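Novice: missing the sequence, but the structure's below:
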Ligand SMILES: O=C(O)C(=O)Cc1ccccc1
């Protein structure tokens with residue numbers, strides 16, 4: 001039986017597009033749509049599927065709370081891949097509906113947040129409703145007696161559910177993109193590719209001046225570039241935060257491994273989320289920033305030098 005992969009469904013979500021990017025060889029029957037981000041995590045944890053794809057962050061709206069909360073507090077899973085997908089929104093309705101007939105619009109909360117300008121200009125009196133995904137909105141609009149007149153969704157979702165486009169490009173920014181991650185149960189890490197990311201959550205030991213700088217310094221002094229830093233409430237009590245960090249490089253590399261050891265020493269707790277290729281499509285990526293003296297060979301040479309001086313060799 002081929003491996004099975006869960007994703008935030010139904011068919012026609014941007015997450016499904018990301019899944020096709022990350023698992024291009026998975027046949028249609030191996031792609032399992034779920035109705036929430038939490039149920040994708042649960043399907044991977046329970047072993048019902050071999051992997052899962054969920055949205056992580058959007059270039060306009062920021063982090064996807066449901067995903068980040070699972071990564072921080074849920075039973076641990078590993079991130080084993082990621083990809084970025086351009087998101088272009090369109091307004092779709094049942095055949096025969098005109099723009100002026102649209103009184104109720106449904107979509108995903110992140111899509112709504114990115115289309116507010118267009119809606120205010122073209123449908124100022126319409127009520128907006130949020131549902132579990134853009135494709136769920138399109139599927140509901142297509143049903144007889146639907147509670148909504150139109151959906152904001154991808155063109156492929158509108159077409160998939162037999163709707164007609166009333167307007168294209170309804171996003172306030174045409175260059176918006178969303179980052180999606182591939183999840184696996186804990187196990188062997190993906191091999192380093194040279195263009196990898198490492199994700200972790202750092203829980204500060206005790207609230208003191210410079211606590212975050214101590215964490216960031218572990219990366220800075222070893223020449224590791226950060227690509228994302230987000231503070232999130234730990235959930236314990238108001239004012240307690242943890243820090244979600246993405247860094248360039250793989251934990252198998254000396255500079256990244258040493259930075260993680262340093263963080264482990266200065267933090268109360270560290271949750272390692274994975275080291276994985278930076279994109280499903282690695283062709284258009286810049287090489288990671290790698291300052292002088294931070295190669296594995298540099299670290300190995302420094303380790304040999306330390307061993308020599310510890311044994312009293314000073315020449
Ligand atoms: O609803 C979808 O299609 C998703 O995949 C989630 C989402 C929603 C809005 C922007 C990017 C991803």
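Specialist: Perfect, thanks for sending it. These numbers were taken from a predicted model, which means no experiment stands behind them.
Novice: need the distance between the two termini of stretch 22-29.
Specialist: By Cα to Cα, to the nearest Å, the extent of stretch 22-29 from end to end equals 16 Å.
Novice: okay, buried residues for it please.
Specialist: Across stretch 22-29, burial judged by 16 or more other Cβ atoms under 10 Å covers 22, 23, 26. Just so you know, the C-beta spots here come from the backbone N, C-alpha and C atoms, and that holds for glycine as well.
Novice: can you report phi and psi for the second one?
Specialist: When quoted as degrees, to the nearest 10, the phi and psi of residue 23 stand at phi -130, psi 70.
Novice: now do the same contact list for it.
Specialist: By Cβ atoms under 8 Å, 6 or more residues apart in numbering, the residues touching residue 23 are 5, 30, 31, 51, 53, 182.
Novice: just to revisit the earlier point, tell me the one among the buried residues of stretch 22-29 nearest to the ligand.
Specialist: For the buried residues of stretch 22-29, the residue nearest the ligand by Cβ to the nearest ligand atom is residue 22; the value is 13.1 Å.
Novice: per-residue confidence at the closest one?
Specialist: Predicted confidence (pLDDT) at residue 22: the value is 95.
Novice: out of the contacts of residue 23, who's the most crowded?
Specialist: residue 53 (30 neighbours; other Cβ atoms under 10 Å).
Novice: and that one, how far is that from the ligand?
Specialist: Remark: distance between residue 53 and the ligand (Cβ to the nearest ligand atom, to the nearest Å) = 9 Å.
Novice: so what's the residue count around residue 175?
Specialist: Other residues near residue 175 come to 10 when the count uses other Cβ under 10 Å.
Novice: near the ligand, which residues of this structure?
Specialist: Proximity of the chain to the ligand, by Cβ under 6 Å from any ligand atom, involves residues 8, 13-15, 55, 58, 87, 108, 110-111, 133-135, 178.
Novice: now, which of those lie within helices?
Specialist: Among these, DSSP state H puts 14, 15, 110, 111, 134, 135 in helices.
Novice: mind telling me the two of these farthest from one another?
Specialist: Greatest spacing in those, by Cβ to Cβ: 110 and 135 (13.2 Å).
Novice: which of the residues of the chain next to the ligand are buried, as a ChimeraX select command?
Specialist: The following ChimeraX line selects those of these that are buried, judged by 16+ other Cβ under 10 Å:
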select :8,13,14,15,55,58,87,108,110,111,133,134,135,178
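Novice: quick one, longest helix in this protein?
Specialist: The chain, longest helix under DSSP H: helix 296-310.
Novice: give me the buried positions along the helix or strand where residue 214 lies.
Specialist: Per DSSP states H and E, residue 214 falls inside helix 211-220. Judged by neighbour count using 16+ other Cβ under 10 Å, the buried positions of helix 211-220 are 214, 215, 216, 218, 219.
Novice: spatially, what comes nearest to the last one if we skip its sequence neighbours?
Specialist: In this case it means residue 219. residue 259 (5.0 Å; Cβ to Cβ, 6 or more residues apart in numbering).
Novice: pLDDT averaged over stretch 255-263 - what is it?
Specialist: 97.
Novice: can you list contacts of it?
Specialist: With contact meaning Cβ under 8 Å, 6+ apart, stretch 255-263 is reached by 198, 200, 202, 215, 218-219, 222-224, 247, 249-251, 270, 272, 275, 294-296, 299.
Novice: longest strand in the chain, by residue count?
Specialist: In the chain, with assignment by DSSP state E, the single longest strand is strand 267-277.
Novice: as CSV, the residues of the chain next to the ligand with pLDDT would be great.
Specialist: Shown next, in CSV, are the residues of the chain next to the ligand (pLDDT from 0 to 100):
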residue, pLDDT
8, 98
13, 98
14, 97
15, 98
55, 97
58, 92
87, 94
108, 97
110, 94
111, 96
133, 97
134, 98
135, 98
178, 95
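Novice: and the residues of the chain next to the ligand, which two are furthest apart?
Specialist: Farthest-apart pair in the residues of the chain next to the ligand is 58 and 135; separation 16.3 Å (Cβ to Cβ).
Novice: can you report phi and psi for the closest residue to the ligand within the stretch 51-200 of the chain?
Specialist: Nearest to the ligand, among the residues of the stretch 51-200 of the chain, is residue 133, at 3.2 Å (Cβ to the nearest ligand atom). With angles defined as degrees, to the nearest 10, residue 133 sits at phi -160, psi 170.
Novice: wait, doesn't it sit right on residue 109?
Specialist: No. Using Cβ atoms under 8 Å, residue 133 makes no contact with residue 109, being 10.0 Å away.
Novice: list the residues that contact residue 217.
Specialist: By Cβ under 8 Å, 6+ apart, no residues touch residue 217.
Novice: can you tell me what sits against the longest helix of the chain?
Specialist: Taking Cβ under 8 Å, 6+ apart as the rule, helix 296-310 contacts 253, 254, 255, 258.
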